[in-house]
Every structure is written in C-alpha cells, then in structure tokens.
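Visitor: Just need the structure, nothing else, for what follows:
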Amino acid sequence: MKTKLTVVLFVLVGSLIMGVSGVAAQATDTAQAQQNESHPLHVDNHVRVVDHEYDSEAEVFRIVFEADRPTRVTISESVQQPEGAGSFSIMSERILPGEQTVSIHVPRSAGEAAVSITTSDSISEGRGVYVSTGITQTGGPFAGTTSTAGWFGGASVVFAMLFASAWQVKRKRLKQPEELT
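Guide: You can find the predicted model right below:
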C-alpha cells in the first residue's frame, strides 16, 4: 500500500511540474507578443509601423503606417531560403501624413513570413526594420512545449517505469509458486 501511494504521489508531482512550466512558457510568449504590439516600430523619425497582421490563407501582410509627412516606404519580403538563387517580393509605396494600410504578398518560407521596411532616411542612417510572424512549427507532437517540460516528462516516465518494475518484482517474490496437479 505504501508503494502505491509513493507511485501516485510521484506521478502527481511530475504532472504538476510539467503543467506549471508549460503555463509559465505560454505566459512569457503572450507577454512578449503584447509588448511588441503595444509600441510603434519607428522606421525613421517620421514614419512608424503602428499595427500589422498576417493573413495565412491569402499569404498577405497588412501593415499600418503612421507618417508625419509624405514619405516613400520600401517593403521587401525577407526570405529564408536554402543556398542558391531566387526571387522575392518588393514594393515601394508613398505614405501620406496620417495612417495608411499597405498590403504585400509574402508566402511562408521555412515556417515564417517576414518583410523588411526601409525609407530613404532609414537607409541614410544605415538601418531598417522588419515585421515577422516568427517561425511556426508545423505538426509534431512536441511543437508547443519546451525542452524543460520534455526533460521532466522523460524523467517522470523513467521513474514511473522503475517503480512499476520494482513493484512487480517484489510482488512476484512474495507469491508462492503454484503446484500443477
């Protein structure tokens, strides 16, 4: 009875640890996403990205710019391809003062869609900004978990199997051999 209680307690503690680490990782990801979207992204001193969204079905980025003066913005697909040559989408759009939405077709590459944004002022400053969906895992049973949860899960399975096999060996030793008649 004591062994059963030990096994049950061990399984409960292991499950609790795995659940807490998953919730903590999810909370961190959500907080980072909210922090990134709450502040405008400054392309230069006069142009800001105030919002963006990616439509997976249409493979289109919609970017909302806010400008203080008329400015030409260049948006190019940021590709992550294997070695070799290829092509990518690029466009130049005049942004008027106020807010304006610009759309650009950007297919996913290696699980991610991203665009680079520049203006003539930002190029003079030697910089640009980007907007990305982040790398998304496609499929797989462990896509939404962390390595820490994997280690705790694996260790939990190992210890559970050790306890189960030790209990089985102990149980067989106590059992008397049956006589065949």
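Visitor: so where is this structure shaky, pLDDT-wise?
Guide: For the chain, applying pLDDT under 70 flags the ranges 1-38, 81-82, 136-144, 174-179, 181.
Visitor: what are the ranges of the helices in it?
Guide: Counting by DSSP state H, the segments of the chain that form helices are 2-38, 120-124, 147-174.
Visitor: ends of stretch 75-84, how far apart?
Guide: 22 Å (Cα to Cα, to the nearest Å).
Visitor: Buried residues in that stretch, which are they?
Guide: For stretch 75-84, burial by neighbour count (16 or more other Cβ atoms under 10 Å) applies to 75-79. C-beta here means a position set from N, CA and C on the backbone, and glycine is covered the same way.
Visitor: Sort out for me which of these are in strands.
Guide: 75-77 (DSSP state E).
Visitor: Just the C-alphas of stretch 95-102, formatted as PDB.
Guide: What follows is stretch 95-102, C-alpha atoms only, in PDB (Å, rounded to 0.1, in the frame of the first residue of the first chain):
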ATOM      1  CA  ILE A  95       2.800  57.100 -47.400                       C
ATOM      2  CA  LEU A  96       0.800  60.200 -46.800                       C
ATOM      3  CA  PRO A  97       0.500  62.000 -43.400                       C
ATOM      4  CA  GLY A  98      -1.700  60.100 -41.000                       C
ATOM      5  CA  GLU A  99      -2.400  56.400 -41.000                       C
ATOM      6  CA  GLN A 100      -2.300  54.200 -44.100                       C
ATOM      7  CA  THR A 101      -2.500  50.500 -44.700                       C
ATOM      8  CA  VAL A 102      -0.300  48.700 -47.100                       C
END
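Visitor: Sounds good, over and out.
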